[in-house]
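S.K.: sequence and predicted model, in that order:
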Amino acid sequence: MSMMGLLFIAASATGAAPQAAIDPATRAALEATCFDYVDGQLEGDAERVARSLHPDLAKRRVLGDTPDERLGLRRMSKEELVELTKQGALKTPKDQWNRSCTVLDVAGNASAVRAETPWFVDFFHMGKFGDRWVIVNALWYSKPR
């Protein structure tokens, strides 16, 4: 095996915490926050979505280079996201809900979680405040419809 192959294996072994290493209660709490957010959007329940978000949420989507910006991002605040939910932007009949929330890693009071629906993929950074996990940052990808 090449030196690069050995380095790749060594780096992989020290990467994210294996799924089994995450405390089951912590995993359940993170998944509950994720599903509150996703299900709230699909239901059009703005209050449910708002409860899952940090007041200073940073939600972004990669646009790439635009005429106005190099490395362009679509930026949304908590308020914008809650308003879009109120408008029913992603409201979906329950029989069409195909969604998942996967806890990727946890380190103390910080975590990474992946949410997916037929319309989008979100990568969340969640923070634990007291006994509560909330979404602090979200980078999302809009799937082609």
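M.R.: In hand now; what should we look at? Numbering: from 1, shown residues only.
S.K.: what's the distance between Asp131 and Cys34?
M.R.: According to CB to CB, to the nearest Å, Asp131 and Cys34 sit 17 Å apart. Heads up, the C-betas are built off the backbone N, CA and C, glycines and all.
S.K.: ok, these two, which is more surrounded?
M.R.: Shown here are Asp131 and Cys34; by other CB atoms under 10 Å, Cys34 has more neighbours (25 against 6).
S.K.: what's the closest non-adjacent residue to that one?
M.R.: Cys101 (3.5 Å; CB to CB, 6 or more residues apart in numbering).
S.K.: tell me the contacts of the nearest residue to Asp36 once chain neighbours are set aside?
M.R.: Spatially, and ignoring its direct neighbours in sequence, Asp36 is nearest to Ser52 (4.4 Å; CB to CB, 6+ apart). By CB atoms under 8 Å, 6 or more residues apart in numbering, the contact list for Ser52 reads Thr33, Cys34, Asp36, Tyr37, Gly40, Val134, Ile135.
S.K.: how about a cut-off of 10 Å?
M.R.: When contacts are counted by CB atoms under 10 Å, 6 or more residues apart in numbering, Ser52 touches 32-41, 124, 126, 132-135.
S.K.: quickly note the distance from the residue nearest to Cys34 to Gln87.
M.R.: Cys101 is 24 Å from Gln87, where distance means CB to CB.
S.K.: then Val134?
M.R.: 23 Å.
S.K.: which of those two has more neighbours?
M.R.: Taking neighbours as other CB under 10 Å, Val134 and Gln87 compare with Val134 leading, 18 against 11.
S.K.: ok so the more buried one is a strand residue?
M.R.: Yes. Looking at Val134 with DSSP: H, G, I helix; E, B strand; the rest coil, it is inside a strand.
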